[in-house]
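Asker: coordinates only, no sequence provided:
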């Protein structure tokens, strides 16, 4: 099950954070087709957000075809995201490498925002047509 973390200082709408975190869990294989999402009540209790905010996020995910609401049963994952299987050896090796890189960045004195900026700049270089 996914555990949502809401950053009220991020400037990103709460429902968007829930959508993004659900998509991340789908990409990482933490959620699989057939898995049940936490109920709106469970999310509200864990994050202190308005129930309508959770329902709005779940409706957005449903509109995108990622989940489906089953009346009286809950909201269930319909499909995953991401090209590689979550348990693939390559993905696990990359995860290990990235974890080690993050540890080195932290030891070098970079904070989370510094690491995010650095990582994002590399992603932009490599995935937006700038292979340099």
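Answerer: In hand now; what should we look at? Small disclaimer: the values here were computed from a predicted structure and weren't measured.

Asker: packing partners of the strand or helix carrying residue 42?
Answerer: Take DSSP states H and E as the rule and residue 42 turns out to sit in helix 40-47. Under the contact criterion of 3 or more Cβ pairs under 8 Å, 6 or more residues apart in numbering; DSSP states H and E, helix 40-47 touches helix 51-63. (Glycine included, C-beta is placed from N, CA and C.)

Asker: average pLDDT for the host helix or strand of residue 126?
Answerer: According to DSSP H and E, residue 126 maps onto helix 112-127. Mean pLDDT, computed over helix 112-127, is 89.

Asker: give me the distance from that helix to the chain's centre.
Answerer: 17 Å (Cα atoms, centre = their mean, to the nearest Å).

Asker: equivalent analysis for stretch 57-64, please.
Answerer: Its chain's C-alpha centre and that of stretch 57-64 lie 14 Å apart, by Cα atoms, centre = their mean.

Asker: try stretch 32-43
Answerer: Distance, centroid of stretch 32-43 to centroid of chain: 14 Å (Cα atoms, centre = their mean).

Asker: also stretch 109-129?
Answerer: Its chain's average C-alpha position is 17 Å from that of stretch 109-129, according to Cα atoms, centre = their mean.

Asker: for residue 73, what are its contacts?
Answerer: Contacts for residue 73 (Cβ atoms under 8 Å, 6 or more residues apart in numbering) come out as residue 36.

Asker: residue 10 and residue 128, how far apart?
Answerer: Going from residue 10 to residue 128 by Cβ to Cβ, to the nearest Å gives 23 Å.

Asker: same question but for residue 118, I mixed them up
Answerer: Computed as Cβ to Cβ, the residue 118 to residue 128 distance reads 16 Å.

Asker: so which of those two has more stuff around it?
Answerer: More crowded of residue 118 and residue 128, by other Cβ atoms under 10 Å: residue 118, with 13 against 8.

Asker: I am finished for the moment; much appreciated.
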